[in-house]
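Colleague: Sequence and computational prediction follow.
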Amino acid sequence: MDANIFTFHFTAHPDFGKSSTDFLQMVELGKIRAVSSDVVLNEVLYISLLNRGLQFLDTNSKWKVRERFDKDFSFVSKCYEGIQEAIDYITFLEKGGLTIVDAGHNLLVRSIEIGKRYHLWIRDAIHVATCQALGIVNIATQDKHFTKVDFLSVWQPEG
């Protein structure tokens, strides 16, 4: 499962939020067994932190968030409340059908060749390397570039 499924859920994305939430509810109930990695969680938490800052500042500028983040302890604390909510939900999902795996050094090394082969950014190549190592053939993501990977079947949230 790619980061955007979580992000669409957390932000109630107008196009893909409901479909992503429905997917995650199936994971909660154990009706879907999902796998994600520490790399995905890193991305989810970063995006959650950034989105929380954008929301508090009522801006679309990530640079304004970064600037304020460096100077305002109260602002940082507010942003991190959103992170805690996200990690609590992910921990809850682990009690259902979600497994979190560590990408590890070997997968990072393998991802370089995968990235070159399928023309993927390194983070996405790490996702593919993780799928390949675990024998996973299905991926939940809105990112269309995963369709280039010949052994993956892509599920995309409806919008």
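Modeller: Received, thanks.
Colleague: Now do S36: how many residues are near it, please.
Modeller: If you count neighbours by other Cβ atoms under 10 Å, S36 ends up with 25. The C-beta positions use only the backbone N, C-alpha and C, and glycine is treated the same way.
Colleague: how much space is there between it and L57?
Modeller: 29 Å (Cβ to Cβ, to the nearest Å).
Colleague: same thing with L108?
Modeller: 34 Å.
Colleague: cool, and I32?
Modeller: 36 Å.
Colleague: Of these two, which one has the most company?
Modeller: Each of I32 and L57 has its neighbours counted (other Cβ under 10 Å); I32 has more, 18 against 15.
Colleague: nearest residue to the more buried one other than its sequence neighbours?
Modeller: M26 (4.3 Å; Cβ to Cβ, 6 or more residues apart in numbering).
Colleague: what's the neighbour count on the one you found?
Modeller: Neighbour tally, M26, other Cβ under 10 Å: 15.
Colleague: where's it, which helix or strand?
Modeller: Assigning secondary structure by DSSP states H and E places M26 in helix 17-28.
Colleague: Can you tell me which helices and strands that helix packs against?
Modeller: With contacts taken as 3 or more Cβ pairs under 8 Å, 6 or more residues apart in numbering; DSSP states H and E, helix 17-28 sits against helix 3-10, helix 73-94.
Colleague: Can you give me the pLDDT of K148?
Modeller: pLDDT for K148: 95.
Colleague: no wait, Y118
Modeller: Y118 is given a pLDDT of 97.
Colleague: mind listing what it touches?
Modeller: Applying Cβ atoms under 8 Å, 6 or more residues apart in numbering to Y118 gives the contacts A125, V128, H145, K148, V149.
Colleague: If any of those residues are buried, give me the ChimeraX selection for them.
Modeller: Here is the ChimeraX command that selects the buried residues among these (16 or more other Cβ atoms under 10 Å):
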select :125,128,149
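Colleague: Nearest to L49 among the contacts of Y118?
Modeller: Of all those, L49 sits closest to A125, with 23.8 Å by Cβ to Cβ.
Colleague: Could you pull up phi and psi at that closest one?
Modeller: phi -60, psi -40 (degrees, to the nearest 10).
Colleague: And V35, by the same measure?
Modeller: According to degrees, to the nearest 10, V35 has phi -130, psi 140.
Colleague: Disregarding residues adjacent in the polypeptide, which is nearest to it?
Modeller: Nearest non-adjacent residue to V35 (Cβ to Cβ, 6+ apart): T99, at 5.0 Å.
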